[in-house]
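S.K.: Predicted model follows, preceded by the sequence.
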There are 2 protein chains.
Amino acid sequence: MSTTTRGRADRRPSITDVAKRAGVSVGTVSNVLNRPDQVSDSTRDRVLVAIEELQFVRNASARQLRAGTIQTVGAIVLDIANPFFTEVARGVEDRLAADEYTLMLSSSDEDPEREARYLRLFEEHGVQGVMVTPSAGSLDALLALRDRGIDVVLLDTTSPVDDISSVAVDDVRGGALAVEHLVGLGHTRIAFINGPQTIKQCVDRREGVLAALTGAGLDPASALVEITIGSLNAEGGEEGVNRLLAAEGDRPTAMFCVNDLTALGALRALRAHGVAIPAEMAVVGYDDVVFASMLTVPLTSVRQPTHQLGWTAADLLLRQRSEGAAFQHQRVQFQPELVVRGSSDPSA
Amino acid sequence: MSTTTRGRADRRPSITDVAKRAGVSVGTVSNVLNRPDQVSDSTRDRVLVAIEELQFVRNASARQLRAGTIQTVGAIVLDIANPFFTEVARGVEDRLAADEYTLMLSSSDEDPEREARYLRLFEEHGVQGVMVTPSAGSLDALLALRDRGIDVVLLDTTSPVDDISSVAVDDVRGGALAVEHLVGLGHTRIAFINGPQTIKQCVDRREGVLAALTGAGLDPASALVEITIGSLNAEGGEEGVNRLLAAEGDRPTAMFCVNDLTALGALRALRAHGVAIPAEMAVVGYDDVVFASMLTVPLTSVRQPTHQLGWTAADLLLRQRSEGAAFQHQRVQFQPELVVRGSSDPSA
DNA sequence: GCAGGATAGTGAATCGATTCATAGCGCACA
DNA sequence: TGTGCGCTATGAATCGATTCACTATCCTGC
């Protein structure tokens, strides 16, 4: 039944236990762990044997308490289940690995409270910096954090202040790209399934949407049907379509969804209602996630440089730490790109 | 340019600084933080003001060092970018939240070294337990971990030993379901795009595949074309199809992919090669991820109870901790379910 | 007026790893 | 023989929050 067990450990062995067992001082054990070349071979071997026998594992809390800091940064994204953010996170990790930093990754689920909680958790744990896709109103908290010595880089959002760096994609342009495309196809009544205005991306893409409409001589008041959903995922998309189709008035002939997950849900709901795509409803998404091109009706989408986004954010953060006061804050902005497919353009 | 800054903090304020500023002892500050009702209103207010003024943030390392443990468990999954695992993780979180536990989530990317590294990291940080989707050969490390007082629950794998619990879905059955379906449609030559045999899921699903073939009177040697890919994602799927189509011999008429991400990549490559689905190649995936039903050709897949899987694993872990020696280890196994769609069955 | 009890607040000891000033030892060189 | 250097090893001090035995103070009731 049970293999050799020393029972539920009463207490983790500490460096002191190892020292006793090996017949050396704690300082020597520490040296074996951290500066092995300063210890004679015979002593080192004795200590290593003791470590093995006791199954000693360093206590990270004690280390960090003494060291005061750890080679770790935190990142908070809006939704870890969204492929867009997992690709961004991969870019972050790749850059951090080069400097032997570790990543603590969390998802705020677009909830300012969760965001604040994780921010505090990160700080209590002594991370050196954080990358955040912030929700509205968290700027003050981030500035305070920065003042307390924790570097901050905004992720997928343009910084509203000069002394915090950011890496973003031009969401205004992206929103405009989507709607210019739809208008160019002749649509004059367009639905916009968008998230709450507490999310900067939603605000910016909306601005682009309005600009594109106005630029084409259309009046947003009549040309645009806005639906605000609670969460930017497939469920939100379904909810948005259901509300749109249940509403009074002329049904739009085109739809722009704030991201691809939302568009996926929207497509599902549209299909359930028997709405033909793109004949009765053209659909455009955002992010160009991995499966966008493979859907029943391949999804027109706005592509963003995800990996590069994450990589650059991590790079700015690390450079900020290493360069100190000499570091110049900057707002990096990448350009999005429209990928036209069958969900909007039958000829694509 | 810069708002009020106290520069890069020389040192985080500690509980001692707060005590000095408020004119009380450190014990009192600690009481304000942990047992506020044992402190008089006036004192409490004074301390809170000091905390606010100094922007004091607790040092998690010091807390944990003293406390010895934290209300945290770790989880290591194979691929955090796979929707299957993000849904499982959501289930884990939901159960943990009920007991006010926190989750540290990592992805091993199917790399035993990464897995071992994270396991060690978790242990150093003093997590109370871990949930792991293990790679081959890590069992000994997990048993040792368990012996050191850290509870272990295997996730999405059936435990090979009696004294470690596990929560899994019957992968043998799942693999059989997929191939029985294909055989039932008349296919006698089937490709199996599978991952390395270091991954238990791959072994089990393969076993089901072989059993289904044999059970139908087919000889795996001639009926099965196995392609082993390096990573279980879309890139792996593309690679698998490219190799399959480049190979000598009769081209199979059906294909079973070890998961849906792989299937997605496979579909993409098949399309690029102009192979008609399901006419020239029937395709079955595994996991029934969120977008499976929405693909160009809706994907036949084997559905698993993701959320329940994660929830149950976390539940076992927490109960194991609270019940102590009285806890009965168990192997929970859920049953998968085949969802037939157009990628295998034109009539679906 | 005083014992007894409740209430507030204190501060030294503790957790475990790291650091650093110090010491012991052997060897080489003057 | 003595000085000085290099190499090893030592162990007390340190990081910051928590705990707990203890003191101080005030109140209640007889």
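M.R.: Here it is on my side, so go on.
S.K.: The most centrally placed residue in chain A: what's it in contact with?
M.R.: When CA atoms, centre = their mean is applied to chain A, the residue found nearest the centroid is residue A:77 (3.0 Å). Contact analysis of residue A:77 by CB atoms under 8 Å, 6 or more residues apart in numbering or on different chains lists A:85, A:88, A:89, A:105, A:106, A:107, A:108, A:133, A:155, A:156. Where C-beta positions appear, they are placed from N, C-alpha and C, glycine not excepted.
S.K.: Throw these into TSV and include secondary structure, thanks.
M.R.: Below are the contacts of residue A:77 laid out as TSV (DSSP: H, G, I helix; E, B strand; the rest coil):
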residue	secondary structure
A:85	helix
A:88	helix
A:89	helix
A:105	strand
A:106	strand
A:107	strand
A:108	coil
A:133	coil
A:155	strand
A:156	coil
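S.K.: Chain B next: which of the residues you listed are close?
M.R.: Filtering those for proximity to chain B by CB under 8 Å from any CB of the partner chain leaves A:89, A:105.
S.K.: Can you tell me which of the contacts of residue A:77 are buried?
M.R.: With neighbours counted by 16 or more other CB atoms under 10 Å in any protein chain shown, those contain buried members at A:85, A:88, A:89, A:105, A:106, A:107, A:108, A:133, A:155, A:156.
S.K.: Pretty sure residue A:85 sits against residue A:91.
M.R.: No. Residue A:85 is not in contact with residue A:91 according to CB atoms under 8 Å; the separation is 10.5 Å.
S.K.: Identify the residue nearest the residue nearest to the centre of chain A in space, chain neighbours excluded?
M.R.: residue A:85 (4.1 Å; CB to CB, 6 or more residues apart in numbering or on different chains).
S.K.: and the one you found, what is it in contact with?
M.R.: Contacts of residue A:85 by CB under 8 Å, 6+ apart are A:77, A:78, A:79, A:107, A:133.
S.K.: Closest one of the residues you listed to residue B:121?
M.R.: residue A:107 (19.8 Å; CB to CB).
S.K.: On the pLDDT front, check that closest one for me.
M.R.: At residue A:107, the model reports a pLDDT of 92.
S.K.: The nearest residue to it once chain neighbours are set aside and residue B:102: what is the separation?
M.R.: Nearest non-adjacent residue to residue A:107, counting by CB to CB, 6+ apart: residue A:80, 3.7 Å away. Separation of residue A:80 from residue B:102 (CB to CB, to the nearest Å): 15 Å.
S.K.: could you give me the average pLDDT of stretch A:308-322?
M.R.: On average, stretch A:308-322 scores 96.
S.K.: which residues does residue A:191 contact?
M.R.: Taking CB under 8 Å, 6+ apart, we find residue A:191 in contact with A:224, A:225, A:226, A:227, A:244, A:252, A:254, A:255, A:256.
S.K.: what does the helix or strand containing residue A:30 contact?
M.R.: Element membership for residue A:30 (DSSP states H and E) is helix A:26-34. By CB under 8 Å, 6+ apart, the surrounding residues in contact with helix A:26-34 are A:15-16, A:18-19, A:22, A:38-39, A:43-44, A:47-48, A:51, A:58.
S.K.: could you dump it to CSV, C-alpha only?
M.R.: Provided in CSV are the C-alpha atoms of helix A:26-34 (Å, rounded to 0.1, in the frame of the first residue of the first chain):
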residue,chain,number,x,y,z
VAL,A,26,25.1,27.0,8.6
GLY,A,27,27.3,29.4,6.8
THR,A,28,29.1,26.6,5.1
VAL,A,29,25.8,25.0,4.0
SER,A,30,24.8,28.3,2.5
ASN,A,31,28.2,28.5,0.8
VAL,A,32,27.7,25.1,-0.7
LEU,A,33,24.4,26.3,-2.1
ASN,A,34,25.5,29.7,-3.4
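S.K.: Could you point out the helix or strand that follows it?
M.R.: Next along the chain after helix A:26-34, taking DSSP H and E as the criterion, comes helix A:41-54.
S.K.: Can you list the helices and strands that that following helix packs against?
M.R.: In terms of contacts (3 or more CB pairs under 8 Å, 6 or more residues apart in numbering or on different chains; DSSP states H and E), helix A:41-54 is packed against helix A:15-22, helix A:26-34.
S.K.: Using JSON lines, please lay out these together with mean pLDDT.
M.R.: Output for those, formatted as JSON lines (pLDDT from 0 to 100):
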{"stretch": "helix A:15-22", "mean pLDDT": "94"}
{"stretch": "helix A:26-34", "mean pLDDT": "95"}
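S.K.: What does residue A:339 show for phi and psi?
M.R.: When read as degrees, to the nearest 10, the backbone of residue A:339 gives phi -110, psi 110.
S.K.: Report how many residues lie close to it.
M.R.: Neighbourhood size, residue A:339 [other CB atoms under 10 Å in any protein chain shown]: 18.
S.K.: in chain A, which spans are helices?
M.R.: Using DSSP state H, the helices of chain A run over A:15-22, A:26-34, A:41-54, A:60-67, A:83-98, A:112-124, A:139-147, A:171-184, A:200-215, A:220-223, A:234-246, A:260-272, A:306-323.
S.K.: Pull the contacting residues for residue A:257.
M.R.: Contacts of residue A:257 by CB under 8 Å, 6+ apart are A:193, A:237, A:240, A:263, A:266, A:283, A:284, A:285, A:286.
S.K.: let's see 6 Å
M.R.: Residue A:257 sits next to A:193, A:263, A:266, A:285 when contact means CB atoms under 6 Å, 6 or more residues apart in numbering or on different chains.
S.K.: ok, what's across the strand from residue A:283?
M.R.: Beta-bridge pairing of residue A:283 under DSSP bridges involves residue A:255.
S.K.: End to end on stretch A:211-228, go ahead and measure it.
M.R.: Terminal residues of stretch A:211-228 are spaced 19 Å apart (CA to CA, to the nearest Å).
S.K.: what's the answer for stretch A:127-134, then?
M.R.: So stretch A:127-134: terminal residues 18 Å apart, CA to CA.
S.K.: Quick check, the residue in the stretch 201-348 of chain A closest to chain B?
M.R.: residue A:291 (4.6 Å; CB to the nearest CB).
S.K.: per-residue pLDDT, that residue?
M.R.: At residue A:291, the pLDDT value in this model is 92.
S.K.: Double-check it against residue B:291; I have them as touching.
M.R.: Yes. Residue A:291 sits in contact with residue B:291 when judged by CB atoms under 6 Å, with a separation of 4.6 Å.
S.K.: still on that earlier bit, so which of the contacts of residue A:257 wins on neighbours?
M.R.: Ranked by the number of neighbours (other CB under 10 Å), those place residue A:266 first, at 34 neighbours.
S.K.: re the thing from before, look up how far residue A:156 lies from the residue nearest to residue A:77.
M.R.: Taking CB to CB, one finds residue A:85 at 8 Å from residue A:156.
S.K.: Ok, residue A:315 next?
M.R.: Distance from residue A:315 to residue A:156, by CB to CB: 15 Å.
S.K.: Residue A:94 now?
M.R.: 17 Å.
S.K.: cool, residue A:284 as well?
M.R.: With CB to CB as the criterion, residue A:284 and residue A:156 are 19 Å apart.
S.K.: Would you mark the buried spots in stretch A:186-201?
M.R.: A:187, A:188, A:190, A:191, A:192, A:193, A:194, A:195, A:199, A:200, A:201.
S.K.: from those residues, which two are the most distant?
M.R.: Of all pairs in the buried residues of stretch A:186-201, the most separated under CB to CB is A:188 and A:200 at 28.5 Å.
S.K.: give me every residue that touches residue A:296.
M.R.: Residue A:296 touches B:294, B:296, counting by CB under 6 Å, 6+ apart.
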